[in-house]
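S.K.: here's my sequence, what's the structure:
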Amino acid sequence: MIMTEKLGNILLNLENSGSAVVESCRILNLWSEVVDEQVGKNTEAVKIKNQVLYVSTSSSVWAQELSFLKKEIIKKINEKAGKEVVKDVRFKAFGYGR
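M.R.: I've put the predicted structure just below:
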C-alpha cells in the first residue's frame, strides 16, 4: 500500500472515531431531555456502548424505580434521536450527591 493510501485510511478512521464520539455525546445529552427534573437530579447518563445506555443513580431505590420505566425511557430517547440509538438502559447506584 502506498503512503497516500495509508494516510487516507488513517484519516478516515479518525473521522469515523470522531463522529462516533460526537454521536455518543449527543445521545447522552438526550437523557436530560427525556427525564423530569427530579429524575435528572438523581441520575446521570455516563456512557453508551453497543446501544446500551449506562446511567448512574444516587441510590439503589432510584435504580430499581427507573428499571420499571426502562421501555418508556428507551422509546423517548429513540424518538428524540429520530432513530434507534438505544436498545437497553442499565442503571447502577453510585450514591453520589447532587
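S.K.: other residues contacting the helix or strand hosting S67?
M.R.: In this assignment (DSSP states H and E), S67 forms part of helix 60-68. Residues outside helix 60-68 that contact it (C-beta atoms under 8 Å, 6 or more residues apart in numbering) are 39, 42-43, 55, 57, 73, 89, 91-93. Just so you know, the C-beta spots here come from the backbone N, C-alpha and C atoms, and that holds for glycine as well.
S.K.: pull out the buried positions in it.
M.R.: 62-63, 66 (16 or more other C-beta atoms under 10 Å).
S.K.: for V86, grab the count of nearby residues.
M.R.: Counted with other C-beta atoms under 10 Å, the neighbours of V86 add up to 21.
S.K.: try K41
M.R.: For K41, the neighbour count with other C-beta under 10 Å is 13.
S.K.: for S24, same thing?
M.R.: Residues near S24, counting by other C-beta under 10 Å: 15.
S.K.: confirm for me that it is in contact with I48.
M.R.: Yes - at 5.2 Å, S24 counts as touching I48 under the criterion of C-beta atoms under 8 Å.
S.K.: give the closest residue to I74 in space, chain neighbours not counted.
M.R.: In this structure, I74 finds its nearest non-sequential neighbour in V86, 5.3 Å apart by C-beta to C-beta, 6 or more residues apart in numbering.
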